[in-house]
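*Asks:* Prediction below, plus the sequence it came from.
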Amino acid sequence: MKRKLLYIAPLAILGMLLFIAIGGGIVLQLWNWLLPTIFGWPQITFWQAIGLLALCRILFGGFGLRGPGRSNFRRRMAERFEHMTPEEREQVRHRMRARWGFGPSTGESTDG
């Protein structure tokens, strides 16, 4: 196991550095090609492009700490609903609407 890590760790570090270099180069080229012409903004350096890439990752991609749980929410809920009776499903829907302020579903009428 340790022997395997000796090969994987340097490759992982090299891969991250390569991603940063290529990503920074792409951001640099796109910025300097488009934004000065369109908006009159100044051109940026490679290191500013790396900083911009990191900022976008923080703002839009997060830090990767959430894990895969968020993307599986719908699948997990569908699995839970499969094991419920129709009455239990309706109770869950009703509680969710009451808690989160959802209106009636499209199949329901608002007349009581």
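*Replies:* Perfect, I can see it now.

*Asks:* make it CA atoms for all contacts and neighbour counts henceforth
*Replies:* Noted.

*Asks:* Could you chop this structure up by domain?
*Replies:* 2-63, 71-100 (automatic domain parsing).

*Asks:* Identify the residue nearest the geometric centre of the chain.
*Replies:* Gly61 (5.1 Å; Cα atoms, centre = their mean).

*Asks:* Now do Gly51, the pLDDT please.
*Replies:* Note for Gly51: predicted pLDDT of 95.

*Asks:* Hmm, I typed the wrong one, I wanted Tyr7.
*Replies:* pLDDT at Tyr7 comes out at 82.

*Asks:* Any idea how far the strand or helix carrying it is from the middle of the chain?
*Replies:* In the assignment (DSSP states H and E), Tyr7 maps to helix 2-39. In terms of Cα atoms, centre = their mean, to the nearest Å, the centre of helix 2-39 is set 19 Å apart from its chain centre.

*Asks:* Packing partners of the helix or strand following that helix?
*Replies:* For helix 2-39, the following helix or strand on the C-terminal side (DSSP H and E) is helix 46-56. Packing contacts for helix 46-56, counted by 3 or more Cα pairs under 8 Å, 6 or more residues apart in numbering; DSSP states H and E, involve helix 2-39.

*Asks:* So which bits of the helix it packs on are buried?
*Replies:* 20-21, 23-29, 31-32 (16 or more other Cα atoms under 10 Å).
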